[in-house]
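>>> this one's structure only:
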């Protein structure tokens, strides 16, 4: 191996390890293996992954830029904790981004795109009728993400996905219970109809309103949880 090739391999290892660690630590945060608001122990993570602290620290800096962790001077790195006011602001931006994605998709949706949206709609309908949230949730996520990805705007996709990751830090419990699954999917059906009909204005509005209603469900759930805590105190 030439010195140049050896240098390239060494550089790749040094640059890819922090990226791999970033993805794994991000997964640990988003699926709850690392608790919201909790302090991240760099030494423990380094030991878990069998690496030095340097790549772990670099991965955490990237996660700080993504808004998933925060560095508190003289205290360490903590998983970001969101309050309801921050979440409401994020939902407003998410509604605008998702609306714009649907608007863009309505101008370019091909038959394969509509077929995929219809398939997801049917699967979510079955899960909603069974009140199966565990099945509905990943399908719901896939539905939204598919629309954003196929809108064809890379900047929009990156911003939307980053925002969704941050919102997952706010674990307010199951926000969709009972018939709200069916109501949510009725909203999805209106979005698909607008995209299929190539009605860009309607696609934007129905998608924007859908996210706004999700925010309303979150606020109602948070208020209910707050009252329950007061009563049990």
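All right, it came through fine. Treat the numbers as computed from the prediction; the structure is a model and nothing was measured. Residues are numbered from 1 along each chain as shown.
>>> which secondary structure element contains residue 70?
strand 69-72 (DSSP states H and E).
>>> For the chain, give me the ranges with low pLDDT.
1-15, 36-37, 171-178, 224-233 (pLDDT under 70).
>>> can you give me the strands for it?
Per DSSP state E, the chain carries strands over the ranges 39-40, 69-72, 76-79.
>>> To residue 200, which of those lies closest?
strand 69-72 (37.8 Å; CB to CB). The way it works is simple: take the backbone N, C-alpha and C, and place the C-beta from them, glycine included.
>>> quick one: contacts of that closest one?
Contacts with strand 69-72, where a contact means CB atoms under 8 Å, 6 or more residues apart in numbering, come from 29, 40, 60, 63, 64, 77, 78, 79, 80.
>>> partners of the strand holding residue 70, with directions?
Strand 69-72 pairs in its sheet with strand 76-79 (antiparallel), by DSSP bridges.
>>> mind listing what's buried in the strand it pairs with?
77, 79 (16 or more other CB atoms under 10 Å).
>>> Pull the distance from it to the chain's centre.
Relative to the mean C-alpha coordinate of its chain, strand 76-79 is positioned 20 Å out (CA atoms, centre = their mean, to the nearest Å).
>>> circling back: could I get the strands of the chain in JSON lines, plus columns for distance to residue 127?
Formatted as JSON lines, these follow (distance: least, CB to CB, whole Å):
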{"stretch": "strand 39-40", "distance to residue 127": "34"}
{"stretch": "strand 69-72", "distance to residue 127": "33"}
{"stretch": "strand 76-79", "distance to residue 127": "30"}
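>>> out of those strands, nearest to residue 92?
Here strand 69-72 is closest among the strands of the chain (CB to CB), at 21.7 Å.
>>> Quick check: chain neighbours aside, which residue is closest to the residue nearest to the spatial centre of the chain?
Geometric centre of the chain, nearest residue: residue 164, 2.8 Å, by CA atoms, centre = their mean. Distance criterion CB to CB, 6 or more residues apart in numbering; nearest residue to residue 164, sequence neighbours excluded, is residue 94 at 7.1 Å.
>>> what do you get for residue 143?
Counting by CB to CB, 6+ apart, residue 120 is the residue found nearest to residue 143 once chain neighbours are left out, at 4.7 Å.
>>> which ones are touching that neighbour?
139, 142, 143, 146.
>>> Just put those in JSON lines and tack on neighbour count.
As requested, these are arranged in JSON lines below (neighbours: other CB atoms under 10 Å):
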{"residue": "139", "neighbour count": "22"}
{"residue": "142", "neighbour count": "14"}
{"residue": "143", "neighbour count": "22"}
{"residue": "146", "neighbour count": "16"}
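>>> Give me the subset of the residues you listed that lies in helices.
139, 142, 143, 146 (DSSP state H).
>>> how much space between residue 42 and residue 71?
Distance of residue 42 to residue 71, computed by CB to CB, to the nearest Å: 11 Å.
>>> who has more neighbours, those two?
The neighbour count for residue 42 versus residue 71, taken as other CB atoms under 10 Å, is higher for residue 42 (16 against 12).
>>> wait, that one sits on residue 58?
No - using CB atoms under 8 Å, residue 42 makes no contact with residue 58, being 10.8 Å away.
>>> Setting aside sequence neighbours, what's the nearest residue to residue 99?
residue 208 is the one closest to residue 99 (CB to CB, 6+ apart), at 3.5 Å.
>>> what's the spacing between stretch 145-155 and its chain's center?
On CA atoms, centre = their mean, the centre of stretch 145-155 falls 14 Å from that of its chain.
>>> Thanks a lot, catch you later.
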